[in-house]
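Colleague: this is a predicted model, with the sequence first.
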There are 2 protein chains.
Amino acid sequence: MHLVTGGAGFIGSHLVDALVSKGIKVRVFDNFSSGREEFLSHHDGTEMVEVFRGDLLDLDVIKSAMSGIEMVHHLAANPDIRLGTEVTDTDLKQGTLATYNVLESMRSEGVTKISFSSSSAIYGEANQMPTPETYGPVMPISLYGASKLGSEALITAWAGTFGANAWIHRFANIVGPRGTHGVIFDFIHKLKDDPSRLEVLGNGMQEKSYMSAEDCVRAMMHLIGHCDSNVSLYNLGTGDTCSVRRIAEIVVEESGLEDVSIEYTGGDRGWAGDVPKTSLEVSRLLSTGFNPDMASEDAIRHTARALIAEIGL
Amino acid sequence: MHLVTGGAGFIGSHLVDALVSKGIKVRVFDNFSSGREEFLSHHDGTEMVEVFRGDLLDLDVIKSAMSGIEMVHHLAANPDIRLGTEVTDTDLKQGTLATYNVLESMRSEGVTKISFSSSSAIYGEANQMPTPETYGPVMPISLYGASKLGSEALITAWAGTFGANAWIHRFANIVGPRGTHGVIFDFIHKLKDDPSRLEVLGNGMQEKSYMSAEDCVRAMMHLIGHCDSNVSLYNLGTGDTCSVRRIAEIVVEESGLEDVSIEYTGGDRGWAGDVPKTSLEVSRLLSTGFNPDMASEDAIRHTARALIAEIGL
């Protein structure tokens, strides 16, 4: 049985689907702060998925969820990157401290394999694009990015000190059905509130790599099956980028709304700590034989359609 | 006035000396877990140094120590790297969480400049030697290294999100008078216990960069005066290395003891999480016009003499 922390959340629930489709039983560990029961409801009655409601900040609770676990997929985190500009201890607790508790409970219960969802946010404003895994120094500019790099460091330290096996996935912006945050989600909610205008934070020139959640979990499963080193560290993305301006246009197109005025607040970024341009070098991932089904723009259109259906306009 | 966390400790007290010699008043913040009052006693009665006894894990206490502070030098940390193999939350608390509290108290009190003592331990077992600042991916293998990388990440995130100015110094092994831990300190204590033999952890082939504490604080002061970017990140070292075998020989020579049997426990490293070989690329540091006075072997001999005098044999 595999444990998926954050398994009721956006990417976590897609990973649960992928594991179950391979015949792997899953224990979901989630505090349901952003996860939702309905993201897993299609597994009800199948006996493939059990749900453990708990908080990763409670070491005893996560220890008790480790019994019988062969491998941990640690996806739980604060999903709202912008929050760090106002509340400074959320990423520290939900990120770094939660990861410590996951690792410490694994150690005490004899679980040795961990797959971790890191982020391109660890690169900060890199001066090399596309940015490869070998880029340094890594200097995240958001508290979210800091918590991901702090978590990576704990994981490699556990591998080096206690012999754990680790897979670290540095995600591009992941988008798709069941999204609970992020730019597409925000745009749809803004259009729902006011179908005549769409306010875009920044000048719209922000440009980032996007990957569909379906491709993301396929890549994670592929890498876990493929790699055999002590710590496997890969960028996960599509190799291309899309601008926020283009995302706004796609969301408006898919909304079916007419005469929407797209308005920009100006400035080079959405908020302090937002990285205006990110592009992940993914040649290492592709060299393992993995190919994403959707490019960035395809993933965004696919997501806009799915979230408009989920949220309603 | 500058604040020096860990200012009663080994490197911290040398930094206090250097700041005072430039005419800068210093507030020392220390919990005296490894710091010692006698390391600062030569400043008694000068009104240049005031001591604030407190714990960095108490946010309110460190906030109250920030009043009137122009710049923070954050050196406080658990100095015992090996402890992480047995107690897993010391580095997390004394490293990452303490750094969070320092940054959060700076933010709330309007202090914007921080100089931080990081470590070559963040590089883990790098496959490029000498290892430059641009090396990646950084994968520390000790819990100490993880706490330093986690702290770096918090600092760059604070700089990116709240506009702090930061200097990050990635230290080689720093040795010198007032040392309270480390290989030379351990060797002298072992010889004090048993002058006939010296047990060396590992096969003695471990090889690392060493820098004298005096050169280290000179380099820190130089970089703070020299650099003007948002985040300045430099390796601090001498550009050469010395083996543990050679350190054992030097300590025995300086001890004046005869017929000491040097015995090796075997294995390529002292303990799990110990990095057997480190060599820092320091051309960036040298390009700023800084030159260390002592090479690795000189720094070790200088330290052996000083610590033998302090500890007694």
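Modeller: Arrived safely, thanks for sending.

Colleague: let me see the ranges of the helices in the stretch 201-313 of chain A.
Modeller: A:213-226, A:244-255, A:283-287, A:296-311 (DSSP state H, counting those that start in this stretch).

Colleague: and stretch A:237-250, what's buried?
Modeller: A:237-245, A:247-250 (16 or more other C-beta atoms under 10 Å in any protein chain shown). For every residue, glycine as well, the C-beta is placed using N, CA and C.

Colleague: what residues does the worst-scoring helix or strand of chain A on mean pLDDT touch?
Modeller: Lowest by mean pLDDT, DSSP states H and E among the helices and strands of chain A is strand A:207-208, with a mean of 94. By C-beta atoms under 8 Å, 6 or more residues apart in numbering or on different chains, the residues outside strand A:207-208 that reach it are A:120, A:172-173, A:241-244, A:275-279, A:296.

Colleague: the top helix by length along chain A versus helix B:143-162: what angle between them?
Modeller: The longest helix of chain A (DSSP state H) is helix A:143-162. Orientation of helix A:143-162 against helix B:143-162 (axes from the mean of the first three to the mean of the last three C-alpha atoms, to 10 degrees) gives an angle of 170 degrees.

Colleague: what packs against the following helix or strand past helix A:143-162?
Modeller: Proceeding N to C from helix A:143-162, the next assigned helix or strand is strand A:165-171, under DSSP states H and E. Under the contact criterion of 3 or more C-beta pairs under 8 Å, 6 or more residues apart in numbering or on different chains; DSSP states H and E, strand A:165-171 touches strand A:113-119, helix A:143-162, helix A:213-226, strand A:231-236.

Colleague: okay, those in JSON lines with distance to B:Thr134 next?
Modeller: Putting the helices and strands packed on strand A:165-171 into JSON lines (distance: least, C-beta to C-beta, whole Å) gives the following:
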{"stretch": "strand A:113-119", "distance to B:Thr134": "20"}
{"stretch": "helix A:143-162", "distance to B:Thr134": "16"}
{"stretch": "helix A:213-226", "distance to B:Thr134": "25"}
{"stretch": "strand A:231-236", "distance to B:Thr134": "17"}
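
Colleague: figure out which of the ones you listed is closest to B:Gly312.
Modeller: Among those, helix A:143-162 comes nearest to B:Gly312, with 34.2 Å by C-beta to C-beta.

Colleague: rounded mean pLDDT for the closest one, please.
Modeller: Averaged across helix A:143-162, pLDDT comes to 97.

Colleague: and the angle from that helix to strand A:165-171?
Modeller: Using the same axes, to 10 degrees, helix A:143-162 lies at 160 degrees relative to strand A:165-171.

Colleague: who are the neighbours in contact with the residue of chain A most remote from its centre?
Modeller: Checked against the mean C-alpha position of chain A, the extreme residue using C-alpha atoms, centre = their mean is A:Asp259, at a distance of 33.3 Å. Residues near A:Asp259 by C-beta under 8 Å, 6+ apart: A:Ser196.

Colleague: quick check: phi and psi at it.
Modeller: phi 60, psi 40 (degrees, to the nearest 10).

Colleague: gap between it and A:Leu201?
Modeller: 22 Å (C-beta to C-beta, to the nearest Å).

Colleague: please apply the same query to A:Glu281.
Modeller: 27 Å.

Colleague: which one of the contacts of strand A:207-208 is nearest to B:Met221?
Modeller: Using C-beta to C-beta, these come closest to B:Met221 at A:Val275, 32.5 Å.

Colleague: need the per-residue pLDDT for the closest one.
Modeller: Note on A:Val275: pLDDT of 88.

Colleague: A:Asp228 now?
Modeller: 67.

Colleague: same check, this time on A:Gly202
Modeller: Reported pLDDT for A:Gly202: 92.

Colleague: what about the closest residue to it other than its chain neighbours, neighbour count?
Modeller: Leaving aside its sequence neighbours, A:Gly202 sits nearest to A:Gly270 (C-beta to C-beta, 6 or more residues apart in numbering or on different chains; 4.7 Å). Residues within reach of A:Gly270, counting by other C-beta atoms under 10 Å in any protein chain shown, total 21.
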